[in-house]
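Participant: any chance you can model this:
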Amino acid sequence: QLQLVESGGGLVQPGGSLRLSCAASGSTLDYDTIGWFRQAPGKEREFVAAIRLSGGRIDYADSVKGRFTISRDNAKNTVYLQMNSLKPEDTAVYYCAAGWIFATTGTEYDYWGQGTQVTVSS
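Facilitator: Down below sits the predicted model:
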């Protein structure tokens, strides 16, 4: 069984930055893609970014392109989401997820973390 633990969330002012981490443990051979998703109160869960560990393919939601960067540290089994120029509309619970297929839809992912809250407010 694979476990995912997110960290790095918090309260930040508009224009600020945060770096989220997604640390994997357990059956770390059971996935090849890590995705980040977010869900704001009263809204559907939405795709943010994904990275394929073999080959490095990356994709971003249009709403975060140019502001967010996804990266990985294979030695630490950790994927990062660097978030810059944060806006109030980025406020949400951020989840990382693991799966085999490189996808932007959450149903393609098999494992999920517990989420970390990001609040962008002055």
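
Participant: what segments of this structure are strands?
Facilitator: When secondary structure is read from DSSP state E, the chain shows strands at 2-7, 10-12, 18-26, 33-39, 46-52, 58-60, 68-73, 78-83, 92-99, 111-112, 116-120.

Participant: ok, the third one: who's next to it in the sheet?
Facilitator: Spelled out, that is strand 18-26. The pairing partners recorded for strand 18-26 under DSSP bridges are strand 2-7 (antiparallel), strand 78-83 (antiparallel).

Participant: pull the contacting residues for residue 20.
Facilitator: Taking CB atoms under 8 Å, 6 or more residues apart in numbering as the contact definition, residue 20 lies against 6, 7, 8, 9, 36, 80, 81, 83, 94, 96, 116, 118. Just so you know, the C-beta spots here come from the backbone N, C-alpha and C atoms, and that holds for glycine as well.

Participant: let's see it at 6 Å
Facilitator: With contacts defined as CB atoms under 6 Å, 6 or more residues apart in numbering, the neighbours of residue 20 are 8, 81, 94.

Participant: cool, thanks, talk later.
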